[in-house]
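[1] Sequence plus the predicted model coming up.
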Amino acid sequence: MTPTRTNFHHLLSQAATETPDAPALSYRNSTLSYAETWRMVCAATAQLLSVGLERGDRVAIYLEKRFETVASFFAVSAAGGVFVPINHVLKATQVGHILGDSGATVLITSADRLAQLSLVLPDTVVAHVIVVGDPVPDPAASWRVHRWPDGEATAGDIAQSLAIDLDPAAILYTSGSTGKPKGVVLSHRNLIVGAESVSTYLQNSSHDVILSVLPLSFDAGLSQVTTAFSVGAHCVLMNYLLPREVPKLCEQYGVTGLTCVPPLWLQLADLDWPEATARRLRYWANTGGRMPRTTLDRLRSVFGEADPYLMYGLTEAFRSTYLDPSEVDRRPDSIGKAIPNAEVLVLRPDGTACEPGESGELVHRGALVALGYWNDPIRTAERYRLVRHPDQEWRSPERAVWSGDTVVADDEGFLYFVGRTDEMIKTSGYRVSPSEIEEAASSTGLVRDAVAIGVDDAALGQRIVLIVTPTAAELDTALTAALTSALTAALKQILPLYQVPSHIHVRDELHRSPNGKYDRTRLMAEVTG
């Protein structure tokens, strides 16, 4: 009888028991079996316990995609902690916010990344830093530096985790509509059920080879690892640099499954794929935004024998809907129906159900609904609200996640995305807060006012446009050019590239509404008109 998986690390430990010699992870030109990966996890778990990690403590992982990154996630779970993956493209200020907000007491990183954090770490509660590679200890630092364990340990060397399936397992940071990233808390149950649900509708098996292209700090990126491990498949890790590297890795490892966001698919669709490599792909999946019809048609031509999966998800519920490949020809603009073990409702503001053809908010209920926003009961109460089951009035109200997205269902229950109910910008598969861009611009001291908006873009979903006023009183052509250049350079030092505005408009004044707020609707019309 297969043991019940109640903790996140059981996804790996169970596969290591059942298929120890099967390939689990590949990175560059090296491959680890499931048994080898589990031994690495056990060694890291023992080290975490040795530095005093206790149940519920947060451990931040700030590394590029590699064996140790994945092993860290499962080791933290095995030690009873909560892992906090940090996108390796984030700058020191943003990493400092996540470290401080999460209250992480342990940081796993590399020596060069540790050096980049020298100015922000003192403002956190990090007490231990585990360095992958050669550590460079700072005798004046308030934290202790440890080397990533080179040895191996077995499951017998680590204590049994006391966590249950509803306990927090991970905190994924995602941009919010009111400024700095907020942490979405996922339980062990969320992660396990998510892996089982996605691998079910993708029909994953131990014969699959899944290429991990998306960041592991992104729910869909983490899903590539969890779905692979849930069925004993082979996951190939890739730090994305150039589009042409994707077909090369697919050819090298015989990849059968590939999930990307629309901007990346747009680039991959124009490449020359070796016929055998394209034919080997069993499925490809899109997430993080609507797939342009021309790109969809091109990909279906390139991967003629592969099943296309068009998906919709949100970090607050991991994954919500997918369109069955058999329906793509009839309704290519649909985001499909609920994934297995989830129900998606279309509700009016008062919580009553919308009729077919009537727009409403997408509300997700079921085992994938996250626990809430870390240390933020106000935002949690806004997004995670109670709903009553219309046919079972005897039941107590149930927490569901209100997505902030407007959708409409047709007569057959297929869903179509209409738009967002807030001002979030969706670019390159990321959700970006306008406030975060505006705060960064203001921090440069170069501008008086700043408003960031998202403008529709076929390649990116939306591109970020920044509208500013200068601190100087008089505006002329020379000042406009100099300000645009200086501000762009400054923002590249503060923000990751996907958050840097594609265009900056300089104005004498910005339109405001009667209540004194920026008139974003009028500014949008001015920029796009």
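    Noted; the coordinates are in hand.
[2] Residue 429 versus the residue most central in space within the chain, what's the distance?
    Against the mean C-alpha coordinate of the chain, by Cα atoms, centre = their mean, the closest residue is residue 218 at 1.5 Å. Distance of residue 218 to residue 429, computed by Cβ to Cβ, to the nearest Å: 7 Å. C-beta coordinates here come from the backbone N, C-alpha and C atoms, glycine included.
[3] pretty sure residue 507 contacts residue 467?
    Yes - using Cβ atoms under 8 Å, residue 507 makes contact with residue 467 at a distance of 6.2 Å.
[4] More neighbours: which of those two?
    residue 467 (26 against 16; other Cβ atoms under 10 Å).
[5] neighbouring strands for the helix or strand that contains the more buried one, and are they parallel or not?
    Residue 467 belongs to strand 461-470 when assigned by DSSP states H and E. If you go by DSSP bridges, strand 461-470 pairs up with strand 447-457 (antiparallel), strand 503-506 (parallel).
[6] Which elements pack onto the following helix or strand past the last one?
    Proceeding N to C from strand 503-506, the next assigned helix or strand is helix 520-528, under DSSP H and E. For helix 520-528, the helices and strands in contact under the criterion 3 or more Cβ pairs under 8 Å, 6 or more residues apart in numbering; DSSP states H and E are strand 447-457, strand 461-470.
[7] in helix 520-528, what's buried?
    520, 523-524 (16 or more other Cβ atoms under 10 Å).
[8] Which parts of the stretch 1-150 of the chain are helices?
    Along the stretch 1-150 of the chain, the stretches classed as helices by DSSP state H, counting those that start in this stretch are 10-18, 34-50, 67-78, 92-102, 111-116.
[9] can you list the residues that contact the first one?
    The set of residues external to helix 10-18 that reach it, using Cβ atoms under 8 Å, 6 or more residues apart in numbering, is 2-3, 5, 22, 24, 34-35, 37-38, 41, 74, 78, 155, 191-192, 195, 226, 229-230, 232.
[10] how about the CA coordinates for it, as CSV?
    The C-alpha trace of helix 10-18 is given here as CSV (Å, rounded to 0.1, in the frame of the first residue of the first chain):
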residue,chain,number,x,y,z
HIS,A,10,7.1,13.1,0.8
LEU,A,11,6.8,13.8,-2.9
LEU,A,12,10.5,13.1,-3.1
SER,A,13,11.1,10.5,-0.4
GLN,A,14,8.3,8.3,-1.7
ALA,A,15,9.8,8.4,-5.3
ALA,A,16,13.2,7.7,-3.8
THR,A,17,11.9,4.6,-2.2
GLU,A,18,9.9,3.3,-5.2
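[11] Do me a favour and average the pLDDT over it.
    Mean pLDDT, helix 10-18: 96.
[12] tell me the angle that helix makes with helix 34-50.
    Angle between the axes of helix 10-18 and helix 34-50 is 130 degrees (criterion: axes from the mean of the first three to the mean of the last three Cα atoms, to 10 degrees).
[13] Contacts only, for residue 281.
    250, 255-258, 303, 305-306.
[14] sorry, back to before: in a markdown table: the strands paired with strand 461-470, plus mean neighbour count.
    Output for the strands paired with strand 461-470, formatted as a markdown table (neighbours: other Cβ atoms under 10 Å):
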| stretch | mean neighbour count |
| --- | --- |
| strand 447-457 | 19 |
| strand 503-506 | 18 |
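[15] closest one to residue 352 among the ones you listed?
    strand 447-457 (30.5 Å; Cβ to Cβ).
[16] now the closest one: mean pLDDT?
    Averaged across strand 447-457, the pLDDT comes to 87.
[17] One more: stretch 186-193?
    97.
[18] so how far is stretch 410-429 off the chain centroid?
    Mean C-alpha position of stretch 410-429 versus that of the full chain (Cα atoms, centre = their mean, to the nearest Å) differs by 17 Å.
[19] still on that earlier bit, what's the closest of the contacts of residue 281 to residue 425?
    residue 258 (25.7 Å).
[20] measure that closest one to residue 511 for me?
    Taking Cβ to Cβ, one finds residue 258 at 44 Å from residue 511.
[21] Between these two, which is the more surrounded one?
    Shown here are residue 258 and residue 511; by other Cβ under 10 Å, residue 258 has more neighbours (25 against 15).
[22] and the host helix or strand of that one, what's its mean pLDDT?
    Per DSSP H and E, residue 258 falls inside strand 257-260. Averaged over strand 257-260, pLDDT sits at 96.
[23] Fine by me, we can end here.
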